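*Asks:* would you be able to build a 3D model of this:
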Amino acid sequence: MSSRQKLQGYEFYQKVLGSPNYILAPMVDQSEYAWRILSRRYGAQVCYTPMIHAKMFCDESNKQYRTDVWSTGKYDRPLIAQFCANDPEILFKAALKVQDQCDAVDLNLGCPQHIARRGHYGSFLQDEWNLIFNLINILHKNLSIPVTAKIRVFPEVEKTIQYAKMIESAGAQLLTVHGRVREQKGHKTGLADWEQIRKVKEALKIPVISNGNILYFEDIQRCLDATGVDGVMSAEGNLYNPAIFAGINPPVWQMAKEYLEICQTVPTKISYIRGHLFKIYRPALPYHTDIREQLAKVNTLEEMFALSEELRERLTKTAEESNKVSEIRKDENGFKMFPYWICQPNIRTASGNSKKEKEETIESDIISVTLQRE
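*Replies:* Now for the predicted structure:
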């Protein structure tokens, strides 16, 4: 049992986290240290680490995994470390390794992917309330920092509220609610249910964060107004526009260059860098397929810099020749139409013809679709 005093609930949210509205989501292989530096530069007030597998993190024979998923620095705060686990003792052991370098430890109860089903973690624990209680409670009682959790909703709002209250009673000091059920993934993602999130917020005494449906900066305030939550989390919206929290849509080459420069000073796996560049450059790559093909093959930071510079030269020339740089129109469904050299959300729509069918398949802020696990 730790003898160190730790703040709880709103005192923790206000004094430690700084009452944040803009929160960077935990994303496997994508919310790594270098990306957090970039996101904080553009308004992220609290950042989560990538989801860390507690058992692998504790495996002394797999130190490379720990190196890959855990790195931080002096200015990387406030920081919340997220773990997936199904054994309270192993989770506690893993959390002890990071408690002095972060501000809270989060339990992932939201991953809906098959890898989570096989590994028995994430949203596939959501029917095992006793186990979840014990996972959270051991951290609440024994860590020197607070424990938080991130969940998905049930189809029935009453069950979601009971679930959230159980997690609160176990000792969670903050709850993030992804407003989708476990089955909403891939092409079945659909819209997140802000009404469910609002009712959870009304039922709890601890701070609540909303996750889902954030395509543009203005969606953040819409979400705050609609749900009454304390803050809003972005995952996919941030990946395609790391400046989303700043309320701007910069040129893709600007974000890519800044990120690559950060990676020069912060060791980052090439696979992570490649994944980020594909997302930043997504709107432009269909017009420059040779760059897309080369990006899939290069294996050094220097080569990525060279590719990025080549694409920058092409895109700046196109932008200078165009008279539509500042002309932002909307399509028939109300989505903004940016020039392809501008950072923008990845709008996924169904093959159906109706507006309703298209809107119901928008995938915004869903970690698992982008990364095949949460």
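
*Asks:* just the buried positions in stretch 75-85, please.
*Replies:* Using 16 or more other CB atoms under 10 Å as the test for burial, stretch 75-85 gives 76, 77, 78, 79, 80, 81, 82, 83, 84, 85. All C-beta atoms are positioned from the backbone trio N, CA, C, and that covers glycine.

*Asks:* pretty sure the second one is in a strand, no?
*Replies:* No - note on residue 77: no strand contains this position according to DSSP: H, G, I helix; E, B strand; the rest coil, which reports coil.

*Asks:* burial count for the closest residue in space to it that isn't next to it in sequence?
*Replies:* Leaving aside its sequence neighbours, residue 77 sits nearest to residue 103 (CB to CB, 6 or more residues apart in numbering; 6.4 Å). Counted with other CB atoms under 10 Å, the neighbours of residue 103 add up to 19.

*Asks:* ok so, going back, pick out the most distant pair among the buried residues of stretch 75-85.
*Replies:* Farthest-apart pair in the buried residues of stretch 75-85 is 77 and 85; separation 23.6 Å (CB to CB).

*Asks:* which SS state does residue 106 fall under?
*Replies:* strand.

*Asks:* make sure it is actually in contact with residue 148.
*Replies:* Yes - at 4.5 Å, residue 106 counts as touching residue 148 under the criterion of CB atoms under 8 Å.

*Asks:* need the overlap of contacts for those two.
*Replies:* Residues touching both residue 106 and residue 148 (CB atoms under 8 Å, 6 or more residues apart in numbering) are 80, 176.

*Asks:* quick one: the helices in the stretch 251-374 of the chain, in order.
*Replies:* Using DSSP state H, counting those that start in this stretch, the helices of the stretch 251-374 of the chain run over 252-265, 270-280, 289-295, 301-321, 355-359, 367-371.

*Asks:* quick one: contacts for the spatially closest residue to residue 292 that is not a sequence neighbour?
*Replies:* Distances taken as CB to CB, 6+ apart put residue 285 closest to residue 292, at 4.2 Å, once the chain neighbours are dropped. Contact analysis of residue 285 by CB under 8 Å, 6+ apart lists 278, 291, 292, 295.

*Asks:* and the gap between residue 164 and residue 214?
*Replies:* 21 Å (CB to CB, to the nearest Å).

*Asks:* pLDDT score assigned to residue 285?
*Replies:* pLDDT, the model's per-residue confidence, is 97 for residue 285.

*Asks:* can you give me the distance of it to residue 39?
*Replies:* 22 Å.

*Asks:* before we move on, back to that, make a markdown table from the buried residues of stretch 75-85 and add distance to residue 347 to it.
*Replies:* A markdown table is the format used below for the buried residues of stretch 75-85 (distance: CB to CB, whole Å):
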| residue | distance to residue 347 |
| --- | --- |
| 76 | 31 |
| 77 | 33 |
| 78 | 31 |
| 79 | 31 |
| 80 | 29 |
| 81 | 32 |
| 82 | 27 |
| 83 | 32 |
| 84 | 29 |
| 85 | 34 |
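
*Asks:* tell me which of those is nearest to residue 14?
*Replies:* So of the buried residues of stretch 75-85, ranked by how close each gets to residue 14 (CB to CB), first place is residue 78, at 11.5 Å.

*Asks:* wait, isn't the closest one in contact with residue 46?
*Replies:* Yes - in this structure, residue 78 is within contact of residue 46 by CB under 8 Å, at 4.8 Å.
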